[in-house]
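S.K.: sharing a model that was predicted from the sequence below.
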Amino acid sequence: MNGRCLHCTMAFPTNEVSATTNDVETVLNEICEVLKAHEDRYDGVIVDTENMQNDACRFAASLKASLSQWARQGKKAVWIKVPKEQAKLVPVAIEVGFGYHHAEPSYVMLVHWIPQTPPTIPDNASHQAGVAAFVFNEEGEVLVVQEKCGPYKDSGLWKMPTGRINQGEGIKEGAVREVQEETGINTEFVQVVGFRDGHNAPFGKSDLLFVCMLRSLSSNIVVQDTEISVAKWMAIEEFASQPKNQQSKLLKDMIGVCVANVNGQCEGFSGIGISSNSRKPSAFFCTALNSE
């Protein structure tokens, strides 16, 4: 064997081993332990990474044996979530046909399509989601900020607090959290009055920005100095009349809808809690039904 690992030799046969493909697969299944996995709802399998071999050679052999078995069973996509602590296994999986699907700070997700047919593997998330919060009070004012970083840095523009929705977070919760983090103001979610569908987000992603109406529950501002230069309460009319807000059709229309909502001239989408099989609650956003 020239000092090579038996498992690597079996997983990647060379001309030193005289055997048919079926012979090799039979021996592999007898010697190599098939990876533990569970089926998904689309005739695929998800590898149980908690019990995955950490030795690259043994993993290579087990993976090849597993793919042979799953192919005979008619399985389609195979998913492996490789923790960063086992990153050395990634090139092993790539070598036998896996590709990258997505990555997070603690892992990389690999996927392989077994059938000789066009793959129907879903792409990674196509959109990122954010919120813009129109926070109003009883004095006819709106909460506005100037950014310390971002596209409006040093522009002098007073804008609505904005930010990304965290993974696993709802639109309502994200809007309330962003306002509290950036300004220290506590709020109550009222409605979503619209959303912008954009396509110039980083890394080729699209972007959904949900414009939310929030009612203030406090008035004392505490600025988040890492992202915000200054924040204050401003008369709604003064906010809407800023030159930039009048020159940009998007900003003008967005703010116009918010002002109309405050004045009772525009009905938005209220969030209705719905039951879900997931651990986190879901919400359905819709306009109010006419009771007449």
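M.R.: Okay, I see it.

S.K.: all helices for the stretch 1-150 of the chain, in order.
M.R.: Under the criterion DSSP state H, counting those that start in this stretch, helices of the stretch 1-150 of the chain are mapped to 6-11, 21-31, 56-72, 90-95.

S.K.: comparing those, which yields the minimum mean pLDDT?
M.R.: In terms of average pLDDT, helix 6-11 trails the rest of those, at a mean of 46.

S.K.: so which residues of the stretch 151-292 of the chain form helices?
M.R.: Assigned by DSSP H, counting those that start in this stretch, the stretch 151-292 of the chain shows helices spanning 171-183, 236-240, 243-247, 249-262.

S.K.: mind putting those in JSON lines, mean neighbour count included?
M.R.: In short, each C-beta sits where N, CA and C put it, glycine included. Formatted as JSON lines, the helices of the stretch 151-292 of the chain follow (neighbours: other CB atoms under 10 Å):
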{"stretch": "helix 171-183", "mean neighbour count": "22"}
{"stretch": "helix 236-240", "mean neighbour count": "16"}
{"stretch": "helix 243-247", "mean neighbour count": "12"}
{"stretch": "helix 249-262", "mean neighbour count": "17"}
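
S.K.: in a markdown table: those helices, plus mean pLDDT.
M.R.: Shown next, in a markdown table, are the helices of the stretch 151-292 of the chain (pLDDT from 0 to 100):
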| stretch | mean pLDDT |
| --- | --- |
| helix 171-183 | 97 |
| helix 236-240 | 97 |
| helix 243-247 | 94 |
| helix 249-262 | 95 |
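
S.K.: now those in JSON lines, with distance to Asp48?
M.R.: Output for those, formatted as JSON lines (distance: least, CB to CB, whole Å):
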{"stretch": "helix 171-183", "distance to Asp48": "32"}
{"stretch": "helix 236-240", "distance to Asp48": "54"}
{"stretch": "helix 243-247", "distance to Asp48": "54"}
{"stretch": "helix 249-262", "distance to Asp48": "47"}
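
S.K.: wait, which of those is closest to Arg196?
M.R.: Of all those, helix 249-262 sits nearest to Arg196, with 6.8 Å by CB to CB.

S.K.: ok, Val90 - contacts?
M.R.: Shown in contact with Val90 (CB atoms under 8 Å, 6 or more residues apart in numbering): Val82, Val108, Leu110.

S.K.: er, Lys153 I mean
M.R.: Taking CB under 8 Å, 6+ apart, we find Lys153 in contact with Glu147.

S.K.: go again with 10 Å.
M.R.: Under the criterion of CB atoms under 10 Å, 6 or more residues apart in numbering, the contact list for Lys153 reads Gln146, Glu147, Ser229.

S.K.: what ranges do the strands span in the stretch 101-250 of the chain?
M.R.: 107-113, 127-136, 141-147, 162-164, 187-198, 206-216, 228-235 (DSSP state E, counting those that start in this stretch).

S.K.: now do the second one: which elements does it pack against?
M.R.: By that I understand strand 127-136. Taking 3 or more CB pairs under 10 Å, 6 or more residues apart in numbering; DSSP states H and E as contact, the helices and strands that strand 127-136 lies on are strand 141-147, strand 162-164, helix 171-183, strand 187-198, strand 206-216, helix 236-240, helix 249-262.

S.K.: tell me which of those lies nearest to Tyr42.
M.R.: Judged by CB to CB, the one of those that comes nearest to Tyr42 is strand 206-216, at 24.3 Å.

S.K.: show me what the closest one is packed against.
M.R.: strand 127-136, strand 141-147, strand 162-164, helix 171-183, strand 187-198, helix 249-262.

S.K.: turn the strands of the stretch 101-250 of the chain into TSV, including distance to Gln73 and mean neighbour count.
M.R.: Below are the strands of the stretch 101-250 of the chain laid out as TSV (distance: least, CB to CB, whole Å; neighbours: other CB atoms under 10 Å):
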stretch	distance to Gln73	mean neighbour count
strand 107-113	15	19
strand 127-136	35	22
strand 141-147	54	22
strand 162-164	41	17
strand 187-198	41	18
strand 206-216	37	20
strand 228-235	56	16
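
S.K.: in CSV: the ones you listed, plus mean pLDDT and distance to Phe285.
M.R.: Converted to CSV, the strands of the stretch 101-250 of the chain look like this (pLDDT from 0 to 100; distance: least, CB to CB, whole Å):
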stretch, mean pLDDT, distance to Phe285
strand 107-113, 97, 30
strand 127-136, 96, 13
strand 141-147, 97, 22
strand 162-164, 95, 18
strand 187-198, 95, 6
strand 206-216, 96, 9
strand 228-235, 97, 27
